[in-house]
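> have a look; sequence and predicted model below, questions after that.
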Amino acid sequence: MELIEQISSFHFRLHLAGSQARVLYYLNISDIFQNPLRAERLRNMSNHADKIKNVVITGHASKGKTTLCEALLNAAGATERIGKVADGNTVTDFDSEEKKRKISINSAVASVSYNNKTINIIDTPGLFDFAMGSAEGIRAAETAIIVVSARSGLAVGAEKAFKNAGARGLARIFVTTKMDDDRADFYKSFNGIAAKFGTQVCPIVVPVIDGDKVKAYYNMIDDKVYEYTDSGRKESSYQHNDPSRFEAAKAIFAEAVASTDEELMEKYFEGEELTREEKIKGLKIGVADGSVIPVFALSGLTGVGCDMLLDFIADVCPSPSSEYGIDANGEPIELSADDDDPFAAVCFKTVADPFIGKLNFFKVVSGKLTASTPAYNPDTGKEERMGKITKAFGAKQTDISELCAGDIGAVSKLSGFSTGGTMCSPSNPVKLDGVAVPIATYKMAVSSSKKGEEEKVVSGLARLCEEDPSLSFTNNTETHQQIIAGLGEQQLDVAIARLKGKFGVDAILDTPKVAYRETITKKVSAQGRHKKQSGGHGQFGDVFVEFEPYDCEKLEFAERVVGGAVPKNFFPAVEKGLNDCMEKGVLAGYPMVGVKATLYDGSYHPVDSSEMSFKMAASLAFKEGITNAMPVILEPIVTLKATVNDEAMGDIIGDINKRRGRVLGMTPNSDGTQEIIAEVPDAEMTTFSTAVRQITQGRGSFTTEFARYEKTPEDIAQKIIEQSLNS
């Protein structure tokens with residue numbers, strides 16, 4: 001039996017269970033009514049916020065998100081035609097790199113007016129390398145539209161989007177796109193979604209199939225079949241060729257809507273049909289609290305069915321209500337989406353452009369944003385003059401006079417604000433929850449391809465990191481390399497391309513060097529004697545130094561000279577000479593660690609001895625002693641914590657073993673994943689980010705933390721030494 005029929009059968013059996021089932025249902029409904037998220041969604045809102053709908057379009061890559069966005073904008077009357085990604089003429093993929101690569105790289109906002117509502121649509125990238133865009137959109141929205149291909153079904157990106165949107169308490173809608181494709185199978189896609197996310201999955205618009213072809217679409221709310229022709233949407237008399245499956249879908253819908261409200265449930269059990277208004281009422285409650293997860297069948301490419309999704313957004317999806325922040329005393333405070341309340345807004349996106357300057361996108365959580373609003377930053381305690389306020393439609397910015405509570409817009413030329421920051425009233429300082437920035441795990445060394453442009457590279461990358469917080473840029477003082485870190489190879493590739501396009505700087509990426517160290521494994525003694533005569537005062541220094549392994553990061557210096565063989569005033573010079581030598585080992589030139597040097601004897605000349613002479617003598621003793629003390633190369637070891645799905649665990653452990661890693665343990669998580677803890681040489685971690693993504697199909701994640709240094713295996717150490725000699 002298909003899952004959609006199983007779900008319907010479950011509802012039918014529950015209906016027949018009589019009064020006992022009703023009692024259980026009412027108990028469940030009472031629990032739902034106590035849900036704080038529902039209370040928050042249904043609280044009294046201002047008229048302005050009640051007219052606003054913020055939706056983020058998210059999901060797996062190449063499933064039709066941007067195409068759906070185009071179709072929605074066209075259905076709202078905001079565009080004359082539906083743009084195509086392949087033609088590079090879509091509203092939200094306006095960046096030059098997006099047009100060139102035919103993919104979404106950034107989140108983009110397009111605000112439209114529809115049915116007396118302001119709908120802010122946020123299109124986000126689906127590639128995991130650009131997950132920051134999805135995080136930005138999720139922070140600003142109340143509803144997540146998760147796109148699934150009716151041809152290929154549920155994908156990993158949709159699962160992650162569902163989880164991330166749920167973590168922020170967003171309402172969630174599934175849209176099965178590409179219904180125009182001959183290989184599309186809505187019911188198979190629906191079954192996959194329901195199998196993964198449970199019985200709260202509810203069909204709203206389903207295809208009417210006749211002769212293996214989609215002829216029309218049935219809208220559960222209207223209880224009507226609609227056919228799409230060149231002249232638009234019209235009612236149709238088409239009948240589904242599989243009535244049992246069609247009726248099962250209708251039963252799921254009716255039960256899901258009725259279970260959201262006591263009155264509706266009572267009416268449903270009495271066998272009465274729900275009116276359109278009652279369906280809307282139940283859906284508003286269920287969608288807001290997550291007990292109903294709607295599913296729509298449509299085609300973004302042709303626009304068929306997109307008007308019904310747009311109607312649903314306007315009529316059912318939750319408007320901005322309230323959220324919590326932290327006040328000046330560190331206490332939680334509730335902020336209402338009311339124009340008359342104290343002002344507070346969160347910056348969910350930043351654009352750094354060398355020509356137009358900085359542009360910060362804000363969601364107004366409370367109060368109203370106008371040109372006279374002081375731009376107070378609670379993180380810095382500073383206040384800026386408000387810049388120009390605009391509404392975005394892709395690349396186009398339209399000047400406006402104000403942003404009311406719940407609305408989304410952009411402000412230009414605010415130097416002190418960045419993604420995740422809060423802007424608020426100076427008289428009522430508050431901090432809002434920021435954007436969930438993905439952890440950068442893929443690292444490369446970056447350098448200028450032209451001599452003398454190093455500062456331009458640094459400046460340009462700093463601007464790009466400000467625009468995309470999932471990018472980071474640091475200077476490794478040990479390896480003397482600039483390191484850029486991100487979510488994957490494509491993200492860094494785009495960053496380098498933007499560095500060229502935006503700032504006119506050519507840069508190249510290379511594998512980062514590993515910060516190896518050298519140490520000794522044997523206790524030895526060595527003499528260093530420096531003698532030079534060139535007329536007049538000569539140079540003379542003579543030391544005997546004992547070298548031994550020691551648990552220390554830097555040189556541990558000691559002395560046990562007796563009888564004044566070496567005057568005390570030369571001890572610092574000996575220590576300085578040894579410390580200078582510690583910066584470069586004798587095997588491959590890496591810094592030395594774990595060495596204790598004890599000065600125990602020597603000699604001096606009353607005229608020719610000097611600090612420089614003893615410094616040189618110490619250097620000679622170091623080179624002879626360390627060479628004979630069986631020096632070895634140490635490699636950095638990191639503690640790896642990888643979270644992976646069960647089915648990928650064996651392959652991940654195998655990959656860790658191939659990287660010379662040691663698995664220390666495994667811990668099951670509440671969401672069904674496993675956390676693997678291991679220790680792995682840092683030199684083997686360069687490609688681990690790519691491997692995890694491939695093995696887990698994008699479900700896995702990991703973090704690393706430096707643990708310690710360990711002796712490098714002999715064969716690998718020999719390769720390191722050879723590389724140093726050839727470089």
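Arrived safely. Numbering: from 1, shown residues only.
> any regions of the stretch 151-300 of the chain where pLDDT drops low?
Across the stretch 151-300 of the chain, nothing is flagged by pLDDT under 70.
> oh, I was asking about the stretch 601-727 of the chain
Using pLDDT under 70, the stretch 601-727 of the chain drops low at 727.
> would you map the helices across it?
Applying DSSP state H, counting those that start in this stretch to the stretch 601-727 of the chain gives helices spanning 611-628, 649-658, 688-696, 714-726.
> just the stretch 151-300 of the chain next, same as before
Using DSSP H, counting those that start in this stretch, helices in the stretch 151-300 of the chain cover 156-167, 186-197, 243-258, 262-269, 276-289.
> swap in the stretch 351-500 of the chain?
Going by DSSP H, counting those that start in this stretch, the stretch 351-500 of the chain shows helices at 454-467, 489-503.
> looking at those helices, which is closest to Asp542?
helix 454-467 (44.6 Å; C-beta to C-beta). The way it works is simple: take the backbone N, C-alpha and C, and place the C-beta from them, glycine included.
> alpha carbons of the closest one, as PDB, please.
Once non-C-alpha atoms are left out, helix 454-467 reads as follows in PDB (Å, rounded to 0.1, in the frame of the first residue of the first chain):
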ATOM      1  CA  GLU A 454      49.700  42.000  -1.300                       C
ATOM      2  CA  GLU A 455      47.900  44.900   0.500                       C
ATOM      3  CA  LYS A 456      45.200  45.000  -2.100                       C
ATOM      4  CA  VAL A 457      44.600  41.300  -1.600                       C
ATOM      5  CA  VAL A 458      44.300  41.700   2.100                       C
ATOM      6  CA  SER A 459      42.000  44.700   1.800                       C
ATOM      7  CA  GLY A 460      39.800  43.000  -0.800                       C
ATOM      8  CA  LEU A 461      39.400  39.800   1.100                       C
ATOM      9  CA  ALA A 462      38.600  41.700   4.300                       C
ATOM     10  CA  ARG A 463      35.700  43.300   2.400                       C
ATOM     11  CA  LEU A 464      34.500  39.900   1.000                       C
ATOM     12  CA  CYS A 465      34.600  38.400   4.500                       C
ATOM     13  CA  GLU A 466      32.500  41.300   5.700                       C
ATOM     14  CA  GLU A 467      30.000  40.400   3.000                       C
END
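> which helix or which strand is home to Asn329?
Assigned by DSSP states H and E, Asn329 falls within no helix or strand.
> for it, grab the count of nearby residues.
7 (other C-beta atoms under 10 Å).
> next: Phe702.
That count, for Phe702 with other C-beta under 10 Å as the rule, works out to 20.
> any idea what the spatially closest residue to it that is not a sequence neighbour is bridged to?
Distances taken as C-beta to C-beta, 6 or more residues apart in numbering put Ala642 closest to Phe702, at 4.0 Å, once the chain neighbours are dropped. Bridge pairing for Ala642 (DSSP bridges) gives the partners Ile676, Phe702.
> hmm, Ile652 and Ala642 touching each other?
Yes: with contacts counted by C-beta atoms under 8 Å, Ala642 reaches Ile652, the gap being 6.1 Å.
> hey, what's in contact with both of these two?
676, 692, 700 (C-beta atoms under 8 Å, 6 or more residues apart in numbering).
> how about a markdown table for the residues you listed, with distance to Thr667 and neighbour count added?
Listed next are the shared contacts of Ala642 and Ile652 as a markdown table, based on distance: C-beta to C-beta, whole Å; neighbours: other C-beta atoms under 10 Å:
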| residue | distance to Thr667 | neighbour count |
| --- | --- | --- |
| Ile676 | 8 | 22 |
| Val692 | 17 | 22 |
| Gly700 | 15 | 22 |
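> including distance to Phe393, could those residues go into TSV?
Formatted as TSV, these follow (distance: C-beta to C-beta, whole Å):
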residue	distance to Phe393
Ile676	46
Val692	38
Gly700	37
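> identify, from those residues, the entry nearest to Ser427.
Looking across these and measuring by C-beta to C-beta, the closest to Ser427 is Gly700, at 46.6 Å.
> for that closest one, give me its contacts.
642-645, 648, 652, 692-693.
> go on, Pro354?
Taking C-beta under 8 Å, 6+ apart, we find Pro354 in contact with 463, 502-503.
> Asp341 too?
335, 366-367, 405.
> helix, strand, or coil at it?
coil (DSSP: H, G, I helix; E, B strand; the rest coil).
> could you measure from it over to Pro374?
16 Å (C-beta to C-beta, to the nearest Å).
> just give me the closest of the shared contacts of Ala642 and Ile652 to Glu323.
Nearest member of these to Glu323, counting by C-beta to C-beta, is Gly700, at 30.7 Å.
> I'd say Ile677 and Val638 touch.
No: using C-beta under 8 Å, Ile677 makes no contact with Val638, being 11.5 Å away.
> name the residue in those two with the higher neighbour count.
Between Ile677 and Val638, counted using other C-beta under 10 Å, the more crowded position is Val638 (21 against 14).
> in contact with the more buried one, which residues?
Val638 neighbours (C-beta under 8 Å, 6+ apart): 679-682, 685, 704-707.
> show me the two of those that sit farthest apart.
Largest pairwise distance in those, by C-beta to C-beta, is 14.0 Å, between Pro681 and Glu705.
> show me which of those two is the more surrounded one.
Higher neighbour count among Pro681 and Glu705: Pro681, with 19 against 8, using other C-beta under 10 Å.
> give me every residue that touches that one.
Here Pro681 is in contact with 635-638, 659-661, 710, 712 (C-beta under 8 Å, 6+ apart).
> any idea how far it lies from Lys658?
12 Å.
> make TSV out of the helices of the stretch 151-300 of the chain and add mean neighbour count.
Below are the helices of the stretch 151-300 of the chain laid out as TSV (neighbours: other C-beta atoms under 10 Å):
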stretch	mean neighbour count
helix 156-167	20
helix 186-197	21
helix 243-258	20
helix 262-269	17
helix 276-289	21
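> Arg385 is nearest to which of the ones you listed?
When those are compared by C-beta to C-beta, helix 156-167 sits nearest Arg385, at 35.4 Å.
> picking up where we left off before, okay, the helices of the stretch 601-727 of the chain in CSV with distance to Lys63 next?
Below are the helices of the stretch 601-727 of the chain laid out as CSV (distance: least, C-beta to C-beta, whole Å):
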stretch, distance to Lys63
helix 611-628, 60
helix 649-658, 25
helix 688-696, 18
helix 714-726, 43
